[in-house]
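Undergrad: Next one to model:
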Amino acid sequence: MREPGTKIIIRLSGGLGNQLFQYATGRYIATKNNAELMVDDTMLNVHRYGVTKRAYELDFYHIRARKLSTEEKIILQLRVRRPFRYLYDVRIIKSSFIYYRESHFEFDPKLHQLTGNLIIEGYWQSERYFNKIAEDIRRDLQPVTPPQVTIQGLLDQVMGTNSVSIHVRRGDFIHNPRAASSHVVCDLLYYQRAVAFIAERVTNPVFFVFTDDPDWVSKYFDINFPMVLVSRPRSIPAYEDLRLMSHCANNIMANSSFSWWGSWLNPNPEKIVVAPVRWFQEEKNMQDLIPHTWNVL
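TA: Alright, predicted model coming up:
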């Protein structure tokens, strides 16, 4: 039986891909502790220190969580902001909530050991945080609405061919100094090698390109295979891009949580997924990020 009032609050930050990691991790912790899951979207609205302001995007899915009310958000800020956070941590001020923040990139087993009322903040980019309820997560992350009319033709193409999604992320990795200082940009050589890897294993592949820089792709991207440029200057919503990506038979990722989810949500048991070996400017241990069945180039 759920302990009365037991709550897990997951603090959201980043775009859709990051929000999905945060939700999935919170969902497992809430399930494990038989607790109510709540999401805090306060940090999505922050636009300082080079952080890109983001929209709340979990409403497009069958998530099993509720958003904090305005009053709950105000109370939460008193628990997590300095100097109040320090006063709580040293027990000068008491709270029933434990605040736990991600301290490193690798999987953190301590998170699974926490019990009681929790406030969780971080990116949690590993399926190890939620793989015990993977099928529940896949059900939760089916879009609430049927495909938009504008993408139905593309969806038919994707499902009627030996489709391969290619995600090309440039945007903030080039134009946002903070993002550019921490992330590498996958170059043409990576995509050429990934396409060749797929082409050796897939008959008559058709490549569907998803990108935030369609002009660059149109100018420089030549792969000598049938290619459909999905993204246009006025593109479809992110969740519809993700729907299309996940329905492709195979996937070529960028160093992006968005295309990670496009690949992970792909239900094809024989899918081939290609991921870049380098994601960050700083060397990090990637073994917990990329599932062992995916291919790293």
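Undergrad: What are the boundaries of the helices in the protein?
TA: Here the chain has its helices, by DSSP state H, at 16-33, 70-80, 84-89, 110-113, 134-140, 149-159, 171-175, 177-182, 188-199, 214-220, 238-247, 257-264.
Undergrad: Packing partners of the shortest one?
TA: It stands for helix 110-113. helix 16-33 (3 or more CB pairs under 8 Å, 6 or more residues apart in numbering; DSSP states H and E). All C-beta spots, glycine's among them, are computed from the backbone N, C-alpha and C.
Undergrad: got the angle for the helix it packs on vs helix 257-264?
TA: Helix 16-33 runs at 60 degrees relative to helix 257-264, counting by axes from the mean of the first three to the mean of the last three CA atoms, to 10 degrees.
Undergrad: list the buried ones in helix 16-33?
TA: 16-31, 33 (16 or more other CB atoms under 10 Å).
Undergrad: low-scoring stretches of the stretch 51-200 of the chain, by residue?
TA: 51, 82-95, 171-183 (pLDDT under 70).
Undergrad: ok, 80 please
TA: 51-53, 78-97, 170-185 (pLDDT under 80).
Undergrad: what number of residues lie near W294?
TA: Residues within reach of W294, counting by other CB atoms under 10 Å, total 17.
Undergrad: what does the domain assignment say about the protein?
TA: With domains defined by automatic domain parsing, the chain comprises 7-140, 149-296.
Undergrad: How far off centre is the last one?
TA: Put simply, domain 149-296 sits 13 Å off its chain's centre (CA atoms, centre = their mean, to the nearest Å).
Undergrad: end-to-end on that domain?
TA: Domain 149-296 has an end-to-end distance of 35 Å (CA to CA, to the nearest Å).
Undergrad: and D222, how far is that from W124?
TA: Counting by CB to CB, to the nearest Å, the separation of D222 from W124 is 37 Å.
Undergrad: Please say which of those two ends up with more neighbours.
TA: Per other CB under 10 Å, whichever of D222 and W124 has more neighbours is W124, with 24 against 10.
Undergrad: ok, that one to S256 distance?
TA: To S256, W124 is 16 Å away according to CB to CB.
Undergrad: and what of W279?
TA: According to CB to CB, W279 and S256 sit 8 Å apart.
Undergrad: now do W264
TA: Between W264 and S256 the computed distance is 12 Å (CB to CB).
Undergrad: ok, now D212?
TA: For D212, the distance to S256 (CB to CB) stands at 10 Å.
Undergrad: Now list whatever residues contact both of the two.
TA: Counting by CB atoms under 8 Å, 6 or more residues apart in numbering, the shared contacts of D212 and S256 are R169.
Undergrad: Among these two, which residue is more densely surrounded?
TA: Comparing D212 with S256 by other CB under 10 Å, the one with more neighbours is S256, at 23 against 20.
Undergrad: I figured the more buried one hits H167, correct?
TA: Yes - look at S256 against H167 with CB atoms under 8 Å: they come within range, at 6.1 Å.
Undergrad: Pull the number of nearby residues for K53.
TA: Neighbours around K53, by other CB under 10 Å: 9.
Undergrad: hang on, it packs against T42?
TA: No - between K53 and T42 there is no contact under CB under 8 Å: 12.0 Å.
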